[in-house]
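# Sequence first, then the predicted structure:
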Amino acid sequence: MNTSSWICQFPVSLAVEGADCYRRMAEVGLQRALFCSVIYSPYRLVLPRYPQKAIYSLEEGRYYYRPELTRYADLPVAPQASAEFYGRDLLGEMCAGARKAGMEAGAWVTIFANGMIAKAYPAWAVHNMYDSADRLFLCFNHPEVREYSLRVVEEMVERYPLDEIMLDKIPQACLEQNAFAGRIEPMLRTLGSFCFCPHCTAEAKKAGIDLAAYRERSLALAGQALNIPQHLINTQADELNGDTEIPLLLLDHPWILEILRFRIDCIHRFLDEVRAQIEAKRKGVTLSMAFVPPAKIGHDASSPRAWLAAQSYAAYKDSAVDLIHNVVHWEAGIVEYNTRRALNAVAGGKVDICTHIRAYGSTAPEDLPGLAAAVRRGGTEKVGYFCYDLMNEPMLDAVKTATTNVDEKARS
């Protein structure tokens, strides 16, 4: 894979700015656009570059193209097109615009997280040990969820000339760090992130795992965690992040590790199915996944940990995917460290690593070349920038500096 620079893009920039945005991306040295074709949560964006849409909430669970509903007629759920941009095939516009600008086209698609579907059709949602349906995450062992996900990918590669499909939230069924009352006790967070629905129980049985019995054990351990007063947990919020407590939990209760490995095995099988679906429709499409950092919490609302989200880099180094997008939206030292950790984890395998850096929030334009250099010091030339919609012109100029440095290094 010769691509070395990616840019993520939400749909609002294309809808407002038009396909000329890809000319601007190409000017600063970006090679492949990853277009958000569906987002799992209604993130609120502040967009200074678009005064007419300066405060904008993304549409939860809706698709930024016009799905062919006949493909899903036998399923209880079908993809719903954007209500705000209905009538526009933004994914198609992206493919055409990127090609015209000399860029490659990729679709960023969330798979096992969809707030709109989970709320409207809880039968598809993750069900925890208390049989409570999640309002965001979908069960990756539910046969209809898997079939729906496969058809979404199939439709994209069949209808659009894509160079890449990037799967996001796969699986990342993971409780957030904090509930309304404050920090969730790490043991409770770990056990509460597992799905114990009948579909998971049946799949686990095939693997020789008695998930129903493990649910009872989980309830007992969760009861112990719930008996710790919340004010005591909150006094130690800075320490109770998960990674220091969980090794002892796994040592004392090794059956929990069985559940974690089972989750990874389930995703492996799904990825094999996705790969077969893509190959049947179009050869040569890169299949990739967006992962949280191997040694740092993720940046989004649930602050996921890679180990809890079944996102072991080493476990997928010889999987059906070509590339793992290592999303490290932190400072330069953390970027370099996690790039090194990711590459070490996949060493000897066939999967490649692209590290994504933060081009928004507290990142100043003058910081961006240093973040890109941290990726290269970590061992890869593949850099992703997040994201176009949030970047002003000075930030885009900084991308040009960063990509020029890469080109000069390659020539030397």
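Received the coordinates, thanks.
# Name the single longest helix found in this structure.
Scanning the chain for the helix with the most residues, using DSSP state H, yields helix 255-281.
# ok, the next helix or strand after it: who's next to it in the sheet?
Next helix or strand after helix 255-281 toward the C-terminus (DSSP states H and E): strand 286-291. In the sheet containing strand 286-291, its partner strands are strand 164-168 (parallel), strand 323-327 (parallel), by DSSP bridges.
# Name the next helix or strand downstream of the last one, please.
Next along the chain after strand 323-327, taking DSSP H and E as the criterion, comes helix 332-346.
# Flag every buried residue along that following helix.
332, 334-343, 345-346 (16 or more other CB atoms under 10 Å). Placement of C-beta: from N, CA and C, glycine included.
# can you give me the angle that helix makes with strand 323-327?
Computed with axes from the mean of the first three to the mean of the last three CA atoms, to 10 degrees, the direction of helix 332-346 lies at 150 degrees from that of strand 323-327.
# Next SSE downstream of helix 332-346?
strand 352-358.
# Just the residues contacting that next one, thanks.
1, 6, 8, 288, 290, 299, 322-330, 335, 338-339, 342-343, 346, 363, 368, 371-372, 374-375, 378, 380, 382-386 (CB atoms under 8 Å, 6 or more residues apart in numbering).
# what about the helix or strand just after that strand, distance to the chain center?
Sequence order places helix 368-378 as the next helix or strand after strand 352-358, per DSSP H and E. The chain centre lies 22 Å from the centre of helix 368-378; the measure is CA atoms, centre = their mean, to the nearest Å.
# can you redo the strands paired with strand 286-291 as TSV with mean pLDDT, distance to Gln31 and mean neighbour count?
Formatted as TSV, the strands paired with strand 286-291 follow (pLDDT from 0 to 100; distance: least, CB to CB, whole Å; neighbours: other CB atoms under 10 Å):
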stretch	mean pLDDT	distance to Gln31	mean neighbour count
strand 164-168	98	11	25
strand 323-327	98	14	25
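# Throw those into CSV and include distance to Tyr121, thanks.
Shown next, in CSV, are these (distance: least, CB to CB, whole Å):
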stretch, distance to Tyr121
strand 164-168, 20
strand 323-327, 28
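# Nearest approach to Tyr316 belongs to which of those?
strand 323-327 (6.7 Å; CB to CB).
# what are the ranges of the helices in the protein?
11-17, 21-27, 90-100, 115-120, 143-159, 186-192, 198-206, 211-226, 230-235, 246-252, 255-281, 332-346, 368-378, 393-411.
# ok, and which of those has the densest surroundings?
helix 186-192 (a mean of 24; mean count of other CB atoms under 10 Å).
# Just give me the residue right at the centre of this protein.
Centrality entry for the chain: nearest residue to the mean C-alpha point is Asp168, 3.0 Å, by CA atoms, centre = their mean.
# gap between that one and Asp322?
Separation of Asp168 from Asp322 (CB to CB, to the nearest Å) stands at 16 Å.
# For Pro293, which non-adjacent residue is spatially closest?
Residue nearest to Pro293 in three dimensions, not counting chain neighbours: Asn338, with 4.1 Å by CB to CB, 6 or more residues apart in numbering.
# How about Leu136?
Gly115 (5.0 Å).
# Is the one you found in contact with Phe137, as I believe?
No: if you go by CB atoms under 8 Å, Gly115 and Phe137 don't touch, sitting 9.1 Å apart.
# Where does the prediction get shaky in the protein?
1, 405-412 (pLDDT under 70).
# again, 90 this time
For the chain, the stretches flagged by pLDDT under 90 are 1-3, 49, 86-87, 171-173, 238-245, 297, 299-303, 404-412.
# Tell me how many other residues surround His356.
By the criterion of other CB atoms under 10 Å, His356 has 26 neighbours.
# ok, what's across the strand from it?
Here His356, judged by DSSP bridges, has bridge partners Val327, Gly384.
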